[in-house]
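Participant: how would this look folded up:
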Amino acid sequence: MTAQVIDGKAIAARLRERLADEIREFTAETGTVPGLATVLVGNDPASEVYVGSKRKQAAAVGIADHHVHLDGDASDDEIAGTIRRLADDPSVSGILLQLPLPGGRDAAPLIDLIPAAKDVDGLTTLSAGLLARGKPGLRPCTPSGVIELLDASGIEIDGARAVVIGRSELVGAPLAQLLIQRNATVSVAHSHTTDLPGLTRTADILVAAAGRPGLVTADHVRPGAAVIDVGIHRTADGLQGDVDYAGVAEVAGWITPVPGGVGPMTIAMLLRNTLLAARLQRGEST
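Facilitator: Here you go, the predicted structure:
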């Protein structure tokens, strides 16, 4: 068996095309241009590249750019003041604080200053609570992108057995919630899980978000399962995910590559969240 490759680049491109049409219609109907505020603190090269990609793709679908670049020594009070100003700005639909912050400082109190209706990363405590309660709101981008990949590939979630490796607040925990809300039976594995291969071999849908290169091998995978690789690591041999791609592709039914799988979906879902945020601020339902 050779797995069908889930092409995240192509799926993200189709989503961006639909979003561009929807944003044109929204702007024509309301006179409002959705706006995305990206807040970058410091000059980390990787963060600058990632924010630049977000801004470029946002502009391409018709989202207004409200970028703020603060010095790396900006105080928490300065960052908080910027977020409050953007929160009060009606032209800003969504606010994104690029992580990590310089110096390893705790970003959680600053993120929680973002109103839930503008939380396009879906990371505030209130957004997490809305997700946990199954209430309408903005969802984290990478987990939402995983769901979109499964749907676009025709992989049935309802009734499926899913295993998520990783329980982070950014990916693992919210993804488990999203899968449960789609009627999957979900197990969450982590560093204290015993017999990881025995658990993962029960999965119809296996998501690797552990942050450990090559963790998932063919022995972890039930034949025909869908394997979604969220990890991305720079190694001497190039970019690698949490999945041993060559070995697992011989067993799985579907697999995402690294790069070109989940990664492109994260920014695409950010753009979708920005439009959803603009709708929320007009009192529309998500």
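Participant: domains of this structure: list them as residue ranges, please.
Facilitator: With automatic domain parsing as the criterion, the domains of the chain are listed as 30-115, 141-264.
Participant: span of the shortest one from start to end?
Facilitator: Domain 30-115 has its terminal residues 22 Å apart, counting by CA to CA, to the nearest Å.
Participant: name the element Glu148 belongs to?
Facilitator: helix 141-152 (DSSP states H and E).
Participant: and Val5, which of the domains of the chain is closest to it?
Facilitator: Among the domains of the chain, domain 141-264 comes nearest to Val5, with 6.0 Å by CB to CB. The way it works is simple: take the backbone N, C-alpha and C, and place the C-beta from them, glycine included.
Participant: what helix or strand is Ile228 on?
Facilitator: Using DSSP H and E, Ile228 sits within strand 226-229.
Participant: tell me what that strand is packed against?
Facilitator: Applying 3 or more CB pairs under 8 Å, 6 or more residues apart in numbering; DSSP states H and E, we find strand 226-229 packed against helix 141-152, strand 205-208, strand 254-255.
Participant: chain center to the helix or strand just after the first one, what's the gap?
Facilitator: Right, helix 141-152. Going down the chain from helix 141-152, the next helix or strand is strand 161-165, by DSSP H and E. Computed by CA atoms, centre = their mean, to the nearest Å, the chain-centroid distance of strand 161-165 equals 17 Å.
Participant: kindly report the same for stretch 24-37.
Facilitator: Taking mean C-alpha positions (CA atoms, centre = their mean), stretch 24-37 and its chain are 23 Å apart.
Participant: before we move on, what about stretch 27-38?
Facilitator: Distance of stretch 27-38 from the chain centroid (CA atoms, centre = their mean) equals 22 Å.
Participant: next, the distance between the ends of that stretch.
Facilitator: Between the opening and closing residues of stretch 27-38 there is a gap of 21 Å (CA to CA).
Participant: which residues does the helix holding Glu148 contact?
Facilitator: Applying CB atoms under 8 Å, 6 or more residues apart in numbering, the external contacts of helix 141-152 come out as 6, 8, 11-12, 14-15, 120-122, 157, 170-171, 174-175, 178-179, 182, 205, 207, 226, 228, 230, 256, 261-262, 265-270, 272-273.
Participant: list the buried residues in that helix.
Facilitator: Buried residues in helix 141-152, defined by neighbour count with 16 or more other CB atoms under 10 Å: Cys141, Thr142, Pro143, Ser144, Gly145, Val146, Ile147, Glu148, Leu149, Leu150, Ala152.
Participant: what about the lengthiest strand in the chain, average pLDDT?
Facilitator: Looking across the chain with DSSP state E, the single longest strand is strand 35-41. Here strand 35-41 scores 98 as its mean pLDDT.
Participant: which secondary structure elements does that strand contact?
Facilitator: If you count contacts as 3+ CB pairs under 8 Å, 6+ apart, strand 35-41 packs onto helix 45-60, strand 64-65, strand 68-70, helix 76-88, strand 94-97, helix 263-280.
Participant: just the ones you listed: most buried one?
Facilitator: strand 94-97 (a mean of 27; mean count of other CB atoms under 10 Å).
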